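Peer 1: sharing a sequence plus its predicted fold:
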Amino acid sequence: METIITILPWIQIALSALLIGIILIQQSEAGMGWNGGGNQQRTKRGLEKGLFFSTIVIAILFAASALLAIAYSSF
């Protein structure tokens, strides 16, 4: 139990840094106005799709670690 309490803040710091980095790497859709601002749908492929899904996974892991921190703070 003590090891989880001491390691959990470091896990949260690492996950938050990864989440910030992945979000900053992703391309902005606002910069894709080459078609005159049309409403065309675009599919994610390759690296962009991987970054999108990894953002979701890391965000879920970060939320779970925050819930664990709340649960273990009552002990």
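Peer 2: On my side now, so go ahead.
Peer 1: relative to the whole chain's centre, how far out is stretch 6-16?
Peer 2: Its chain's C-alpha centre and that of stretch 6-16 lie 14 Å apart, by C-alpha atoms, centre = their mean, to the nearest Å.
Peer 1: do me a favour and average the pLDDT over it.
Peer 2: For stretch 6-16, mean pLDDT is 95.
Peer 1: what residues does that stretch touch?
Peer 2: Residues from elsewhere that reach stretch 6-16 (C-beta atoms under 8 Å, 6 or more residues apart in numbering): 58, 61-62, 65-66, 68-69, 72. No exception for glycine: its C-beta is placed from N, CA and C like everyone else's.
Peer 1: element containing His3?
Peer 2: One thing to correct before we go on: residue 3 is Thr, not His. Using DSSP states H and E, the element containing Thr3 is helix 2-25.
Peer 1: in that helix, what's buried?
Peer 2: By 16 or more other C-beta atoms under 10 Å, the buried positions in helix 2-25 come out as 8, 12, 15, 18-19, 22.
Peer 1: what do you get for stretch 44-62?
Peer 2: Within stretch 44-62, the residues scored as buried using 16+ other C-beta under 10 Å are 55, 58, 61-62.
Peer 1: mind checking what secondary structure Gln27 has?
Peer 2: When classified by DSSP: H, G, I helix; E, B strand; the rest coil, Gln27 comes out as coil.
Peer 1: same question for Thr43.
Peer 2: Under three-state DSSP, Thr43 falls in the coil class.
Peer 1: please report how far it lies from Phe52.
Peer 2: Applying C-beta to C-beta, to the nearest Å, the value for Thr43 to Phe52 is 11 Å.
Peer 1: quick one: the helix ranked longest in the chain to helix 2-25, angle?
Peer 2: Longest helix in the chain by number of residues, with DSSP state H as the criterion: helix 47-73. Calculated by axes from the mean of the first three to the mean of the last three C-alpha atoms, to 10 degrees, helix 47-73 forms an angle of 150 degrees with helix 2-25.
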